[in-house]
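> Next come a sequence and a model predicted from it.
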Amino acid sequence: MAQSIQAIRGMNDLLPEDTSIWQQVEKIIRQTVSSYGYSEMRMPIVEHTNLFSRAIGEVTDVVEKEMYTFTDRSGDSLSLRPEGTAGCVRAALEHSLIYNQEQRLWYMGPMFRHERPQKGRYRQFHQLGVEVFGLNGPDIDAEIICLTHDLWCKLGIAGDLTLELNTLGNNDERKVYKENLVKFLEANFDQLDEDSKRRTHTNPLRVLDSKDPQVQELLKDAPTLYDYLGEESKAHFTKLQELLTSQGISFKLNPRLVRGLDYYNLTVFEWTTTALGAQGTVCGGGRYDGLVEQLGGKPTPAVGFGLGLERLMLLLTTLGKIKVSSAVDVYVCGMGEGSEAAQLRICQQLRAALPDFGVMNHCGGGNFKRLLKRADKVQAKVAVILGEEELKNGTLTIKNLRTTEQQVVPETEALELIKSILQQSAVEA
Ligand code: ATP
Ligand code: MG
């Protein structure tokens, strides 16, 4: 026997049980972003490598060590997208969507990072991304946070997520702060772990979210960015907090929250949970007013977030908030001469009359017991049975598979009965 080939580590197959849950959640996501008036973008999965190094930053973890980069047959350096913002800005610029216009956009799809696979951390994972261009006030920052909060409410997990909030100030404020932070880190260099030592001169802000306990202890005495903020930045941050409070959204200020990508300024936020162990950040985002210009456009304010769908699904299933739902509602089966054509016809009629339900035809014949076993296996709610008697009399046997009650009715009355059984089981679920 030939050796079997396996999937790439950290890249998961989603099986029917998984897709049942994913589809339910994706539906709620689509419905939520649409209810805010946001429009969908679909970008390619592969982009020029320099898009990411320029947008995300040369010395970020993502660009330094997590990208899937390859040279294609034309000799171009391409990368699988590690996140969606860079590609979304690229596409919006390329198609003149943002010059002198406001845009509120979303996308959903796979991202790729060469990380160490573990629970909640994969090499192919999926994100919902939301990006807004052309608005610079705290009101839009509040809007996208409200949108995420709405989503948690609809999914029944609002109580399980904490909003962490910080501001990174503007470029000048951050620059002065960075210089002072670097001075502090240099003065305490021997107490830093290896990563933090390296980052002191490449990406000092990242030292703030070092996981090393000794570094965390040391940072208690480090200068904080708040003390370097000007009036405007302070006002933006204060207003955002007021708006969130006015909507009953509580938050925790976290002055160490800096996010992993270079492009953020002012508002940054994360939604975290304690229910998933180490990979507790379900959603993260913030303002990135410099990125559009950095990628060749006119200066354009922008704000957005990325939401990790795998972590969201893990949270929902861990908390038991969502059930696998069957793809089949009505199972049509028959026995005896001529039943195949009648089954096909009945199925077509039911599909036309019940477009929101799954109608499955039984193929492969068999006795009554076998038919009902199949209907149970696919977790149908109703079985429609066509025996010899039924074929002869123009009737159908309709069996409620939850209560096991069954009734023989004329074909013309079958639809009403099936509908009422489906309605009843929807109420019970
Ligand atoms: P982390 O700190 O967990 O590495 P990050 O800061 O790298 O996250 P972002 O780039 O902000 O993450 O991406 C937004 C969201 O995408 C994260 O909050 C997380 O839910 C999800 N995410 C990021 N990387 C992965 C991954 N390798 N596997 C699964 N989900 C991921
Ligand atoms: Mg990461």
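Thanks, I have it. Ligands and ions are numbered 1, 2, ... in the order given.
> Now the element after the lowest-mean-pLDDT helix or strand in the chain, going C-ward?
The weakest-scoring helix or strand in the chain, judged by mean pLDDT, DSSP states H and E, is helix 61 (a mean of 86). In the C-terminal direction, the helix or strand that comes right after helix 61 (DSSP states H and E) is strand 69-71.
> for that following strand, what is the average pLDDT?
Averaged across strand 69-71, pLDDT comes to 97.
> Can you mark which positions in whatever helix or strand residue 108 lives in are buried?
Using DSSP H and E, residue 108 sits in strand 103-112. Across strand 103-112, burial judged by 16 or more other C-beta atoms under 10 Å covers 103, 104, 105, 106, 107, 108, 109, 111, 112. Where you see a C-beta, it was placed from the backbone N, CA and C, and this is true even at glycine.
> before we move on, what about stretch 171-188?
Quick answer for stretch 171-188 (16+ other C-beta under 10 Å): 173, 174, 177, 178, 180, 181, 184, 185, 188.
> What is the nearest of those to residue 222?
Of all the buried residues of stretch 171-188, residue 184 has the smallest distance to residue 222: 5.1 Å, by C-beta to C-beta.
> Double-check that that closest one belongs to a strand.
No. Assigned with DSSP: H, G, I helix; E, B strand; the rest coil, residue 184 falls outside any strand and is helix.
> I'd like the distance between it and ligand 1.
According to C-beta to the nearest ligand atom, to the nearest Å, residue 184 and ligand 1 sit 24 Å apart.
> How about residue 385?
Counting by C-beta to the nearest ligand atom - residue 385 and ligand 1 are separated by 46 Å.
> now do residue 428
In terms of C-beta to the nearest ligand atom, residue 428 sits 34 Å off from ligand 1.
> who in the stretch 301-429 of the chain is up against ligand 1?
Applying C-beta under 6 Å from any ligand atom, we find that the stretch 301-429 of the chain lies next to ligand 1 at 306, 308, 310, 311.
> Tell me the buried residues in stretch 194-201?
Using 16+ other C-beta under 10 Å as the test for burial, stretch 194-201 gives 196, 199, 200.
> Can you report phi and psi for the residue of the stretch 101-250 of the chain found nearest ligand 1?
Closest to ligand 1 within the stretch 101-250 of the chain is residue 125: 3.4 Å, counting by C-beta to the nearest ligand atom. Phi and psi for residue 125, reported as degrees, to the nearest 10, are phi -140, psi 170.
> residue contacts, it?
Residues counted as contacts of residue 125 (C-beta atoms under 8 Å, 6 or more residues apart in numbering) are 110, 111, 113, 308, 309, 310.
> In the residues you listed, find the pair that's most separated.
The farthest-apart pair in the contacts of residue 125, when distances are taken by C-beta to C-beta, is 113 and 309, at 14.3 Å.
> To what extent is the residue nearest to residue 66 when sequence neighbours are not counted buried, counted in neighbours?
Leaving aside its sequence neighbours, residue 66 sits nearest to residue 113 (C-beta to C-beta, 6 or more residues apart in numbering; 4.1 Å). Other residues lying near residue 113 total 20 when counted by other C-beta atoms under 10 Å.
> Can you tell me how far residue 113 is from residue 410?
Going from residue 113 to residue 410 by C-beta to C-beta, to the nearest Å gives 60 Å.
> now swap in residue 236 and tell me
69 Å.
> More neighbours: these two, which one.
Legend: neighbour count by other C-beta under 10 Å for residue 236 and residue 410, higher for residue 236 (21 against 10).
> Distance check, that one against residue 208.
In terms of C-beta to C-beta, residue 236 sits 20 Å off from residue 208.
> sorry, back to before: among the buried residues of stretch 194-201, which has the minimum pLDDT value?
Within the set of those, pLDDT is lowest for residue 199 (90).
> The helix or strand encompassing that one near ligand 1 at all?
Residue 199 belongs to helix 194-202 when elements are defined using DSSP H and E. No. Using C-beta under 6 Å from any ligand atom, helix 194-202 stays clear of ligand 1, coming no nearer than 13.6 Å.
> which helices and strands sit right next to the following helix or strand past that helix?
Note on helix 194-202: by DSSP H and E, the next helix or strand toward the C-terminus is helix 204-207. In terms of contacts (3 or more C-beta pairs under 8 Å, 6 or more residues apart in numbering; DSSP states H and E), helix 204-207 is packed against helix 171-187, helix 194-202.
> Using CSV, write out every CA atom in the helix or strand following helix 204-207.
Per DSSP H and E, the first helix or strand lying C-terminal to helix 204-207 is helix 213-219. Taking C-alpha atoms only, helix 213-219 is exported to CSV below (Å, rounded to 0.1, in the frame of the first residue of the first chain):
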residue,chain,number,x,y,z
PRO,A,213,8.1,37.6,34.5
GLN,A,214,11.4,39.3,35.5
VAL,A,215,11.0,41.8,32.6
GLN,A,216,7.4,42.4,33.6
GLU,A,217,8.4,43.2,37.2
LEU,A,218,11.1,45.6,35.9
LEU,A,219,8.6,47.4,33.7
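> just checking, what packs against the helix or strand following helix 213-219?
Where DSSP H and E defines the elements, the next helix or strand beyond helix 213-219 is helix 231-246. Using 3+ C-beta pairs under 8 Å, 6+ apart, the elements in contact with helix 231-246 are helix 138-155, strand 162-167, strand 265-272.
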